[in-house]
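*Asks:* Build me a structure from this.
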Amino acid sequence: MPRVAKELSAAEVRRLTQAGFYAVGGVAGLHLIVRDTGARSWILRAQVGAKRRDIGLGGFPDVPLAQAREDAREAKRNIKEGIDPVAERKGARSKLLAQQVQEITFEQAAAKVIEKKQAEARNPKHAQQWENTLKTYAFPLLGKMAVKDVDLAAVIKVLEPEWETKTETMTRVRQRIEAVIAWATVHGHRSGDNPARWKGNLDAVLPAPAKVKGAKNHAALPYARAAEFMADLRARDGLAAKALEFAILTAARSNEIRGATWREIDLAELVWIIPAARMKAKREHRVPLSPAAVALLEALPRFEGNELVFPAPRGGQMSDSTLAAVIKRMHASAKEKDKDAPGYIDPRQGDRVITQHGFRSTFRDWAGERTAYPGGAIEQALAHTIRNAAEAAYRRGDMLDKRRHLMTDWADYLADQAPAKGTVTPIRKEAKA
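*Replies:* Numbering: from 1, shown residues only. This next block holds a predicted model:
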(Lines give C-alpha, C1' and ligand atoms only; values in the text may rest on other atoms or scores of the structure.)
Protein backbone atom coordinates (compact mmCIF):
# COMPACT_ATOMS: atom_id res chain seq x y z
CA MET A 1 0.00 0.00 0.00
CA PRO A 2 1.54 3.38 -1.02
CA ARG A 3 2.65 5.69 1.76
CA VAL A 4 0.17 8.48 2.50
CA ALA A 5 1.80 11.92 2.65
CA LYS A 6 1.37 14.00 5.78
CA GLU A 7 -1.25 16.70 5.26
CA LEU A 8 0.58 20.00 5.63
CA SER A 9 -1.05 23.18 6.87
CA ALA A 10 -1.00 26.48 5.02
CA ALA A 11 1.62 27.81 7.47
CA GLU A 12 3.83 24.75 6.92
CA VAL A 13 3.58 25.16 3.15
CA ARG A 14 4.66 28.81 3.43
CA ARG A 15 7.82 27.66 5.25
CA LEU A 16 8.88 25.40 2.38
CA THR A 17 11.57 27.59 0.81
CA GLN A 18 14.42 25.17 0.10
CA ALA A 19 14.60 23.86 -3.46
CA GLY A 20 12.84 20.51 -3.65
CA PHE A 21 9.71 18.48 -4.49
CA TYR A 22 7.29 18.32 -1.56
CA ALA A 23 4.18 16.18 -1.13
CA VAL A 24 1.67 18.34 0.76
CA GLY A 25 -1.00 15.71 1.44
CA GLY A 26 -4.76 16.13 1.37
CA VAL A 27 -4.90 14.85 -2.24
CA ALA A 28 -2.71 11.97 -3.40
CA GLY A 29 -0.09 13.16 -5.87
CA LEU A 30 -0.30 16.88 -5.04
CA HIS A 31 3.15 18.43 -4.69
CA LEU A 32 4.75 21.83 -4.30
CA ILE A 33 7.89 22.38 -6.37
CA VAL A 34 10.38 24.91 -5.01
CA ARG A 35 12.92 25.90 -7.62
CA ASP A 36 16.47 27.23 -7.16
CA THR A 37 15.21 30.68 -8.10
CA GLY A 38 12.75 30.60 -5.20
CA ALA A 39 9.71 30.27 -7.48
CA ARG A 40 7.06 27.85 -6.14
CA SER A 41 4.30 26.07 -8.09
CA TRP A 42 1.75 23.26 -7.72
CA ILE A 43 2.02 19.93 -9.55
CA LEU A 44 -0.44 17.04 -9.51
CA ARG A 45 1.30 13.78 -10.39
CA ALA A 46 -1.34 11.36 -11.70
CA GLN A 47 -1.81 8.38 -14.02
CA VAL A 48 -3.85 9.33 -17.09
CA GLY A 49 -4.60 6.24 -19.13
CA ALA A 50 -1.25 4.65 -19.92
CA LYS A 51 0.68 7.86 -19.25
CA ARG A 52 2.00 9.39 -16.10
CA ARG A 53 1.26 13.10 -16.16
CA ASP A 54 2.58 16.06 -14.19
CA ILE A 55 -0.33 18.48 -14.29
CA GLY A 56 0.46 22.11 -13.45
CA LEU A 57 -2.06 23.81 -11.17
CA GLY A 58 -0.54 27.29 -10.95
CA GLY A 59 1.97 29.14 -8.81
CA PHE A 60 2.10 29.61 -5.07
CA PRO A 61 1.04 31.86 -3.31
CA ASP A 62 -1.20 33.10 -6.18
CA VAL A 63 -2.95 29.73 -5.91
CA PRO A 64 -3.25 29.05 -2.15
CA LEU A 65 -3.10 25.55 -0.64
CA ALA A 66 -6.88 25.12 -0.30
CA GLN A 67 -7.44 26.10 -3.95
CA ALA A 68 -4.66 23.78 -5.13
CA ARG A 69 -6.29 20.82 -3.29
CA GLU A 70 -9.69 21.65 -4.79
CA ASP A 71 -8.21 21.93 -8.30
CA ALA A 72 -6.38 18.63 -7.81
CA ARG A 73 -9.61 16.86 -6.77
CA GLU A 74 -11.39 18.32 -9.87
CA ALA A 75 -8.58 17.08 -12.11
CA LYS A 76 -8.82 13.58 -10.61
CA ARG A 77 -12.58 13.51 -11.14
CA ASN A 78 -12.03 14.40 -14.81
CA ILE A 79 -9.42 11.65 -15.17
CA LYS A 80 -11.90 9.11 -13.77
CA GLU A 81 -14.39 10.24 -16.42
CA GLY A 82 -11.82 9.67 -19.17
CA ILE A 83 -10.80 13.30 -19.64
CA ASP A 84 -7.10 14.14 -19.98
CA PRO A 85 -6.70 17.52 -18.21
CA VAL A 86 -3.44 18.30 -20.05
CA ALA A 87 -4.93 17.58 -23.48
CA GLU A 88 -8.06 19.53 -22.57
CA ARG A 89 -5.99 22.51 -21.48
CA LYS A 90 -3.93 22.43 -24.69
CA GLY A 91 -7.15 22.31 -26.72
CA ALA A 92 -8.58 25.28 -24.85
CA ARG A 93 -5.35 27.22 -25.34
CA SER A 94 -5.29 26.43 -29.07
CA LYS A 95 -8.91 27.56 -29.35
CA LEU A 96 -8.08 30.81 -27.55
CA LEU A 97 -5.07 31.43 -29.80
CA ALA A 98 -7.18 30.75 -32.89
CA GLN A 99 -9.79 33.18 -31.61
CA GLN A 100 -7.14 35.83 -30.94
CA VAL A 101 -5.75 35.36 -34.46
CA GLN A 102 -9.18 36.08 -35.87
CA GLU A 103 -9.67 39.16 -33.71
CA ILE A 104 -7.29 41.50 -35.58
CA THR A 105 -8.90 44.63 -36.95
CA PHE A 106 -9.21 45.65 -40.59
CA GLU A 107 -6.70 48.43 -39.92
CA GLN A 108 -4.15 45.97 -38.51
CA ALA A 109 -4.59 43.68 -41.52
CA ALA A 110 -4.23 46.68 -43.85
CA ALA A 111 -0.95 47.61 -42.15
CA LYS A 112 0.45 44.17 -43.02
CA VAL A 113 -0.61 44.52 -46.66
CA ILE A 114 0.84 48.04 -46.88
CA GLU A 115 4.12 46.73 -45.43
CA LYS A 116 4.17 44.09 -48.17
CA LYS A 117 3.44 46.72 -50.83
CA GLN A 118 6.28 48.87 -49.54
CA ALA A 119 8.67 45.95 -49.99
CA GLU A 120 7.39 45.26 -53.51
CA ALA A 121 6.96 48.82 -54.80
CA ARG A 122 9.30 50.21 -57.43
CA ASN A 123 8.15 53.64 -56.31
CA PRO A 124 7.54 54.32 -52.58
CA LYS A 125 4.73 56.66 -53.62
CA HIS A 126 2.63 53.67 -54.70
CA ALA A 127 2.60 52.15 -51.22
CA GLN A 128 1.91 55.60 -49.76
CA GLN A 129 -1.14 55.92 -52.04
CA TRP A 130 -2.43 52.61 -50.65
CA GLU A 131 -2.13 53.91 -47.13
CA ASN A 132 -3.62 57.33 -47.90
CA THR A 133 -6.72 56.07 -49.72
CA LEU A 134 -7.48 53.44 -47.09
CA LYS A 135 -7.04 55.99 -44.28
CA THR A 136 -9.30 58.49 -46.02
CA TYR A 137 -12.12 56.25 -47.21
CA ALA A 138 -11.98 52.81 -45.53
CA PHE A 139 -10.62 53.27 -42.01
CA PRO A 140 -13.34 55.64 -40.74
CA LEU A 141 -15.90 52.82 -41.14
CA LEU A 142 -13.87 49.61 -41.27
CA GLY A 143 -10.65 50.44 -39.38
CA LYS A 144 -11.68 49.29 -35.89
CA MET A 145 -13.88 46.41 -37.07
CA ALA A 146 -12.55 42.88 -36.65
CA VAL A 147 -11.50 41.96 -40.17
CA LYS A 148 -13.56 38.75 -39.89
CA ASP A 149 -16.70 40.86 -39.42
CA VAL A 150 -16.31 43.03 -42.55
CA ASP A 151 -19.27 42.10 -44.75
CA LEU A 152 -20.89 43.25 -47.99
CA ALA A 153 -23.03 45.86 -46.25
CA ALA A 154 -19.96 47.46 -44.65
CA VAL A 155 -18.05 47.55 -47.95
CA ILE A 156 -21.02 49.12 -49.74
CA LYS A 157 -21.29 51.72 -47.00
CA VAL A 158 -17.69 52.75 -47.77
CA LEU A 159 -17.99 52.79 -51.55
CA GLU A 160 -21.50 53.87 -52.45
CA PRO A 161 -21.57 57.51 -51.24
CA GLU A 162 -18.82 58.66 -53.65
CA TRP A 163 -18.89 55.88 -56.25
CA GLU A 164 -20.39 58.11 -58.95
CA THR A 165 -18.50 61.30 -58.13
CA LYS A 166 -15.03 59.84 -57.50
CA THR A 167 -15.30 56.69 -59.57
CA GLU A 168 -11.61 56.20 -60.29
CA THR A 169 -10.58 56.75 -56.68
CA MET A 170 -13.32 54.56 -55.24
CA THR A 171 -12.48 51.80 -57.73
CA ARG A 172 -8.97 51.77 -56.29
CA VAL A 173 -10.36 51.79 -52.75
CA ARG A 174 -12.48 48.74 -53.60
CA GLN A 175 -9.47 46.91 -55.03
CA ARG A 176 -7.42 47.71 -51.94
CA ILE A 177 -10.15 46.59 -49.54
CA GLU A 178 -10.39 43.36 -51.54
CA ALA A 179 -6.61 42.84 -51.23
CA VAL A 180 -6.67 43.40 -47.45
CA ILE A 181 -9.51 40.91 -46.98
CA ALA A 182 -7.79 38.39 -49.27
CA TRP A 183 -4.63 38.68 -47.13
CA ALA A 184 -6.68 38.21 -43.96
CA THR A 185 -8.37 35.10 -45.37
CA VAL A 186 -5.10 33.48 -46.44
CA HIS A 187 -3.59 34.14 -43.00
CA GLY A 188 -6.53 32.59 -41.13
CA HIS A 189 -8.05 35.80 -39.79
CA ARG A 190 -11.39 35.22 -41.51
CA SER A 191 -13.18 32.75 -43.78
CA GLY A 192 -15.77 32.83 -46.53
CA ASP A 193 -16.21 34.92 -49.67
CA ASN A 194 -14.51 38.26 -50.17
CA PRO A 195 -17.22 40.96 -49.81
CA ALA A 196 -15.15 43.47 -51.83
CA ARG A 197 -14.99 41.19 -54.90
CA TRP A 198 -16.41 42.89 -58.00
CA LYS A 199 -17.50 40.12 -60.36
CA GLY A 200 -20.58 38.26 -59.22
CA ASN A 201 -20.79 40.42 -56.11
CA LEU A 202 -20.51 44.22 -56.08
CA ASP A 203 -21.28 44.40 -59.81
CA ALA A 204 -24.86 43.50 -58.86
CA VAL A 205 -25.03 46.51 -56.51
CA LEU A 206 -22.88 49.29 -57.98
CA PRO A 207 -22.85 50.60 -61.58
CA ALA A 208 -19.86 49.57 -63.68
CA PRO A 209 -17.12 52.24 -63.47
CA ALA A 210 -16.92 52.56 -67.25
CA LYS A 211 -20.63 53.34 -67.45
CA VAL A 212 -20.90 55.75 -64.55
CA LYS A 213 -22.12 59.12 -65.76
CA GLY A 214 -19.35 61.63 -65.37
CA ALA A 215 -16.56 59.05 -65.09
CA LYS A 216 -13.41 60.91 -66.21
CA ASN A 217 -10.06 60.07 -67.70
CA HIS A 218 -6.92 62.15 -67.35
CA ALA A 219 -7.65 65.64 -68.67
CA ALA A 220 -5.93 66.04 -72.05
CA LEU A 221 -5.29 68.96 -74.37
CA PRO A 222 -6.80 68.63 -77.88
CA TYR A 223 -3.93 67.91 -80.26
CA ALA A 224 -4.79 71.02 -82.31
CA ARG A 225 -3.46 73.10 -79.39
CA ALA A 226 -0.39 70.95 -78.65
CA ALA A 227 2.04 73.17 -80.61
CA GLU A 228 0.66 76.26 -78.84
CA PHE A 229 1.27 74.64 -75.46
CA MET A 230 4.75 73.46 -76.45
CA ALA A 231 5.78 76.97 -77.57
CA ASP A 232 4.63 78.35 -74.21
CA LEU A 233 6.44 75.57 -72.35
CA ARG A 234 9.72 76.12 -74.20
CA ALA A 235 9.68 79.76 -73.15
CA ARG A 236 9.98 78.66 -69.52
CA ASP A 237 13.12 77.92 -67.56
CA GLY A 238 13.75 75.20 -65.02
CA LEU A 239 14.44 71.48 -65.02
CA ALA A 240 10.78 70.64 -64.31
CA ALA A 241 9.73 72.40 -67.52
CA LYS A 242 12.39 70.44 -69.44
CA ALA A 243 11.18 67.18 -67.87
CA LEU A 244 7.62 67.96 -68.95
CA GLU A 245 8.81 68.80 -72.48
CA PHE A 246 10.75 65.52 -72.67
CA ALA A 247 7.68 63.62 -71.40
CA ILE A 248 5.54 65.12 -74.18
CA LEU A 249 8.16 64.45 -76.88
CA THR A 250 8.49 60.79 -75.85
CA ALA A 251 4.84 60.15 -74.80
CA ALA A 252 6.25 58.55 -71.64
CA ARG A 253 4.68 58.15 -68.22
CA SER A 254 5.58 60.49 -65.37
CA ASN A 255 7.44 57.89 -63.30
CA GLU A 256 9.46 56.82 -66.36
CA ILE A 257 10.57 60.43 -66.92
CA ARG A 258 11.29 61.24 -63.29
CA GLY A 259 13.30 58.05 -62.79
CA ALA A 260 15.27 58.32 -66.06
CA THR A 261 19.05 57.98 -65.67
CA TRP A 262 21.85 58.94 -68.02
CA ARG A 263 22.98 55.32 -68.28
CA GLU A 264 19.58 54.53 -69.91
CA ILE A 265 20.19 57.16 -72.62
CA ASP A 266 22.19 56.14 -75.69
CA LEU A 267 22.78 59.33 -77.69
CA ALA A 268 24.92 57.46 -80.21
CA GLU A 269 22.04 55.13 -81.14
CA LEU A 270 19.41 57.82 -80.45
CA VAL A 271 17.44 55.59 -78.11
CA TRP A 272 16.33 55.63 -74.48
CA ILE A 273 16.17 52.12 -73.00
CA ILE A 274 13.92 51.91 -69.93
CA PRO A 275 14.60 48.71 -67.93
CA ALA A 276 11.75 46.30 -67.21
CA ALA A 277 11.86 47.05 -63.49
CA ARG A 278 10.72 50.61 -64.15
CA MET A 279 7.97 49.78 -66.63
CA LYS A 280 4.32 49.23 -65.81
CA ALA A 281 4.22 46.08 -67.96
CA LYS A 282 7.53 44.83 -66.47
CA ARG A 283 9.08 44.67 -69.95
CA GLU A 284 12.07 46.63 -71.25
CA HIS A 285 10.92 49.53 -73.42
CA ARG A 286 13.01 51.22 -76.13
CA VAL A 287 12.08 54.82 -76.89
CA PRO A 288 13.43 56.26 -80.16
CA LEU A 289 14.68 59.79 -79.62
CA SER A 290 13.65 62.44 -82.13
CA PRO A 291 16.12 65.22 -83.03
CA ALA A 292 14.15 67.56 -80.74
CA ALA A 293 14.45 65.12 -77.81
CA VAL A 294 18.19 64.68 -78.44
CA ALA A 295 18.72 68.44 -78.57
CA LEU A 296 16.90 68.81 -75.24
CA LEU A 297 19.04 66.14 -73.59
CA GLU A 298 22.30 67.54 -74.93
CA ALA A 299 21.47 70.95 -73.48
CA LEU A 300 20.78 69.62 -69.99
CA PRO A 301 23.27 70.06 -67.14
CA ARG A 302 24.77 66.96 -65.59
CA PHE A 303 25.29 66.78 -61.84
CA GLU A 304 28.32 65.06 -60.40
CA GLY A 305 27.36 61.99 -58.37
CA ASN A 306 23.75 62.05 -59.60
CA GLU A 307 22.67 59.73 -62.41
CA LEU A 308 19.15 61.17 -62.72
CA VAL A 309 18.44 63.08 -65.92
CA PHE A 310 15.87 65.29 -64.16
CA PRO A 311 16.82 65.38 -60.46
CA ALA A 312 14.93 67.35 -57.82
CA PRO A 313 16.68 70.42 -56.35
CA ARG A 314 17.89 68.37 -53.38
CA GLY A 315 19.21 65.60 -55.60
CA GLY A 316 16.52 62.95 -55.25
CA GLN A 317 13.79 62.03 -57.70
CA MET A 318 11.46 64.82 -58.79
CA SER A 319 7.87 64.39 -57.53
CA ASP A 320 4.86 63.93 -59.79
CA SER A 321 3.36 67.12 -58.35
CA THR A 322 6.36 69.08 -59.68
CA LEU A 323 5.31 68.38 -63.29
CA ALA A 324 1.68 69.12 -62.46
CA ALA A 325 2.74 72.44 -60.91
CA VAL A 326 4.37 73.52 -64.20
CA ILE A 327 1.07 73.00 -66.04
CA LYS A 328 -0.94 74.77 -63.34
CA ARG A 329 1.37 77.80 -63.50
CA MET A 330 1.09 77.88 -67.29
CA HIS A 331 -2.70 77.71 -67.06
CA ALA A 332 -2.83 80.49 -64.46
CA SER A 333 -0.48 82.66 -66.53
CA ALA A 334 -2.60 82.16 -69.66
CA LYS A 335 -5.76 83.15 -67.76
CA GLU A 336 -4.01 86.18 -66.30
CA LYS A 337 -3.11 87.42 -69.77
CA ASP A 338 -6.64 86.91 -71.08
CA LYS A 339 -9.37 86.05 -68.60
CA ASP A 340 -11.69 85.09 -71.46
CA ALA A 341 -9.20 82.62 -72.90
CA PRO A 342 -9.78 78.94 -72.01
CA GLY A 343 -6.26 78.40 -70.65
CA TYR A 344 -5.03 74.82 -70.71
CA ILE A 345 -8.13 72.76 -70.02
CA ASP A 346 -9.77 69.69 -71.51
CA PRO A 347 -12.96 71.04 -73.14
CA ARG A 348 -14.47 67.55 -73.03
CA GLN A 349 -14.20 67.54 -69.25
CA GLY A 350 -15.47 70.98 -68.28
CA ASP A 351 -12.95 73.17 -66.53
CA ARG A 352 -10.44 70.48 -65.63
CA VAL A 353 -6.84 71.62 -66.12
CA ILE A 354 -4.88 69.22 -68.32
CA THR A 355 -2.41 66.71 -66.87
CA GLN A 356 0.99 65.43 -67.92
CA HIS A 357 -0.44 61.95 -68.34
CA GLY A 358 -3.16 63.44 -70.54
CA PHE A 359 -0.53 64.25 -73.16
CA ARG A 360 -0.31 60.53 -73.87
CA SER A 361 -3.95 60.77 -74.95
CA THR A 362 -3.16 63.90 -76.97
CA PHE A 363 -0.41 61.96 -78.75
CA ARG A 364 -2.72 58.96 -79.30
CA ASP A 365 -5.47 61.14 -80.79
CA TRP A 366 -3.03 62.94 -83.08
CA ALA A 367 -1.39 59.71 -84.27
CA GLY A 368 -4.73 57.99 -84.87
CA GLU A 369 -6.47 60.91 -86.60
CA ARG A 370 -3.68 62.73 -88.40
CA THR A 371 -1.29 59.98 -89.47
CA ALA A 372 -1.41 56.64 -91.25
CA TYR A 373 0.98 54.87 -88.88
CA PRO A 374 -0.22 51.37 -87.91
CA GLY A 375 -2.06 51.08 -84.62
CA GLY A 376 0.51 48.57 -83.37
CA ALA A 377 3.30 51.13 -83.70
CA ILE A 378 1.26 53.74 -81.86
CA GLU A 379 0.45 51.34 -79.01
CA GLN A 380 4.11 50.32 -78.83
CA ALA A 381 5.08 53.99 -78.56
CA LEU A 382 2.79 54.23 -75.53
CA ALA A 383 4.21 50.96 -74.10
CA HIS A 384 0.71 49.53 -73.87
CA THR A 385 0.28 45.83 -73.11
CA ILE A 386 -1.16 43.81 -76.00
CA ARG A 387 -4.56 42.61 -74.79
CA ASN A 388 -4.99 40.05 -77.55
CA ALA A 389 -3.22 36.92 -76.22
CA ALA A 390 -2.67 35.42 -79.68
CA GLU A 391 -1.16 38.64 -81.06
CA ALA A 392 1.03 39.01 -77.97
CA ALA A 393 2.32 35.46 -78.37
CA TYR A 394 3.49 36.05 -81.95
CA ARG A 395 4.81 39.60 -81.72
CA ARG A 396 8.55 39.62 -81.10
CA GLY A 397 9.80 43.00 -82.38
CA ASP A 398 9.02 46.45 -81.02
CA MET A 399 8.67 48.29 -84.40
CA LEU A 400 11.50 50.64 -83.44
CA ASP A 401 12.14 51.93 -87.00
CA LYS A 402 8.48 52.78 -87.59
CA ARG A 403 8.27 54.40 -84.18
CA ARG A 404 11.39 56.48 -84.84
CA HIS A 405 9.62 58.14 -87.79
CA LEU A 406 6.43 58.44 -85.76
CA MET A 407 8.13 60.26 -82.87
CA THR A 408 10.00 62.57 -85.26
CA ASP A 409 6.72 63.51 -86.95
CA TRP A 410 5.19 64.13 -83.51
CA ALA A 411 8.10 66.40 -82.56
CA ASP A 412 7.70 68.29 -85.85
CA TYR A 413 3.97 68.68 -85.19
CA LEU A 414 4.70 70.05 -81.72
CA ALA A 415 7.10 72.55 -83.31
CA ASP A 416 4.26 73.66 -85.61
CA GLN A 417 5.99 72.08 -88.60
CA ALA A 418 3.21 69.60 -89.34
CA PRO A 419 1.39 69.44 -92.70
CA ALA A 420 -1.50 71.84 -93.22
CA LYS A 421 -4.74 71.10 -91.38
CA GLY A 422 -6.80 68.39 -93.02
CA THR A 423 -3.91 66.46 -94.54
CA VAL A 424 -2.68 63.08 -93.41
CA THR A 425 0.96 62.47 -92.54
CA PRO A 426 2.20 59.79 -94.94
CA ILE A 427 4.34 56.92 -93.75
CA ARG A 428 7.85 57.28 -95.09
CA LYS A 429 9.12 54.56 -97.33
CA GLU A 430 11.55 53.40 -94.65
CA ALA A 431 8.75 53.06 -92.08
CA LYS A 432 7.07 50.37 -94.17
CA ALA A 433 10.02 48.04 -93.91
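
*Asks:* And the helices in the stretch 1-150 of the chain, which stretches?
*Replies:* Ranges of helices in the stretch 1-150 of the chain, per DSSP state H, counting those that start in this stretch, are 10-14, 65-80, 85-102, 106-120, 124-133, 139-142.

*Asks:* Can you flag the weakest of those by average pLDDT?
*Replies:* Lowest mean pLDDT within these: helix 85-102, at a mean of 57.

*Asks:* so how far is residue 141 from residue 112?
*Replies:* Distance, residue 112 to residue 141, using C-beta to C-beta, to the nearest Å: 19 Å. Backbone N, C-alpha and C define where each C-beta goes, glycine included.

*Asks:* do you know how far residue 79 is from residue 46?
*Replies:* 6 Å.

*Asks:* try residue 379
*Replies:* 77 Å.

*Asks:* report the longest helix in the protein, please.
*Replies:* helix 167-186 (DSSP state H).

*Asks:* what's the offset of stretch 160-176 from the middle of its chain?
*Replies:* From the chain centre to the centre of stretch 160-176 is a distance of 16 Å (C-alpha atoms, centre = their mean, to the nearest Å).

*Asks:* Also stretch 319-328?
*Replies:* Relative to where its chain is centred, stretch 319-328 has its mean C-alpha point 23 Å off (C-alpha atoms, centre = their mean).

*Asks:* which residues make contact with that stretch from outside it?
*Replies:* Residues from elsewhere that reach stretch 319-328 (C-beta atoms under 8 Å, 6 or more residues apart in numbering): 125, 233, 236, 238, 240-241, 243-244, 247, 254-255, 257-258, 312, 344, 353-356.

*Asks:* Now, of the residues you listed, which are buried?
*Replies:* 233, 240-241, 243-244, 247, 254-255, 257-258, 344, 353-356 (16 or more other C-beta atoms under 10 Å).

*Asks:* picking up where we left off before, for the longest helix of the chain, packing partners?
*Replies:* Here helix 167-186 touches helix 106-120, helix 124-133, helix 152-159, going by 3 or more C-beta pairs under 8 Å, 6 or more residues apart in numbering; DSSP states H and E.

*Asks:* Redo those helices as JSON lines? Include distance to residue 210.
*Replies:* Formatted as JSON lines, the helices and strands packed on helix 167-186 follow (distance: least, C-beta to C-beta, whole Å):
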{"stretch": "helix 106-120", "distance to residue 210": "26"}
{"stretch": "helix 124-133", "distance to residue 210": "20"}
{"stretch": "helix 152-159", "distance to residue 210": "16"}
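
*Asks:* of those, which approaches residue 146 most closely?
*Replies:* Minimum separation from residue 146 across the helices and strands packed on helix 167-186 (C-beta to C-beta) falls at helix 106-120, 7.7 Å.

*Asks:* Tell me the helices and strands packed up against the closest one.
*Replies:* helix 124-133, helix 139-142, helix 167-186.

*Asks:* tell me which strands and helices the second one is in contact with?
*Replies:* Contact here means 3+ C-beta pairs under 8 Å, 6+ apart; on that basis helix 139-142 packs against helix 106-120, helix 152-159.

*Asks:* picking that back up, ok, which pair from the buried ones among the contacts of stretch 319-328 is furthest apart?
*Replies:* Across these, the longest distance by C-beta to C-beta is 22.0 Å; it joins 255 and 344.

*Asks:* Helices - which of the contacts of stretch 319-328 land there?
*Replies:* Checking these against DSSP H, those in helices are 125, 233, 240-241, 243-244, 247, 254-255, 257-258.

*Asks:* thinking again about what came up before, need the winner for burial among the helices and strands packed on helix 106-120.
*Replies:* Of all those, helix 167-186 carries the top mean neighbour count, a mean of 19, counting by mean count of other C-beta atoms under 10 Å.

*Asks:* Just want the angle from that helix to helix 152-159.
*Replies:* Counting by axes from the mean of the first three to the mean of the last three C-alpha atoms, to 10 degrees, helix 167-186 lies at 150 degrees to helix 152-159.

*Asks:* ok, back up a step: so residue 379 and residue 46 - more neighbours on which side?
*Replies:* Legend: neighbour count by other C-beta atoms under 10 Å for residue 379 and residue 46, higher for residue 46 (20 against 16).

*Asks:* Might you report the residue contacts of the more buried one?
*Replies:* Contact analysis of residue 46 by C-beta under 8 Å, 6+ apart lists 29, 52-53, 55, 75-76, 79.

*Asks:* One more pass at 6 Å, please.
*Replies:* 29, 53 (C-beta atoms under 6 Å, 6 or more residues apart in numbering).

*Asks:* Show me what it is bridged to.
*Replies:* For residue 46, the beta-bridge partners are residue 53 (DSSP bridges).

*Asks:* Quick check: the gap between it and residue 55.
*Replies:* Residue 46 is 6 Å from residue 55, where distance means C-beta to C-beta.

*Asks:* try residue 201
*Replies:* Note on residue 201: its distance to residue 55, by C-beta to C-beta, is 50 Å.

*Asks:* Among the two, which residue is more densely surrounded?
*Replies:* The residue with more neighbours, out of residue 201 and residue 55, is residue 55; 22 against 16, by other C-beta under 10 Å.

*Asks:* Mind pulling the model confidence for residue 209?
*Replies:* Looking at residue 209, its pLDDT reads 84.

*Asks:* That one against residue 167, yeah?
*Replies:* Yes: Residue 209 is within contact range of residue 167, at 5.0 Å (criterion: C-beta atoms under 6 Å).

*Asks:* Phi first, then psi, for residue 366.
*Replies:* phi -60, psi -50 (degrees, to the nearest 10).

*Asks:* Please give me every residue in contact with the residue nearest to it when sequence neighbours are not counted.
*Replies:* Among residues not flanking residue 366 along the chain, residue 223 sits closest, at 3.8 Å (C-beta to C-beta, 6 or more residues apart in numbering). Residue 223 makes contact with 362, 365-366, according to C-beta under 6 Å, 6+ apart.

*Asks:* let's go with 10 Å and repeat that
*Replies:* Counting by C-beta atoms under 10 Å, 6 or more residues apart in numbering, residue 223 touches 359, 361-370, 410, 413-414, 418.

*Asks:* which SSE is residue 296 in?
*Replies:* If you go by DSSP states H and E, residue 296 is part of helix 291-298.

*Asks:* Next, the residues that contact that helix from outside, please.
*Replies:* Outside helix 291-298, the residues that touch it by C-beta under 10 Å, 6+ apart are 230, 234, 242-243, 245-246, 248-250, 260, 262, 265, 267, 270, 272, 287, 289-290, 309, 407-408, 410-412, 414-415.

*Asks:* at 6 Å what do you get?
*Replies:* Residues from elsewhere that reach helix 291-298 (C-beta under 6 Å, 6+ apart): 246, 249, 411.
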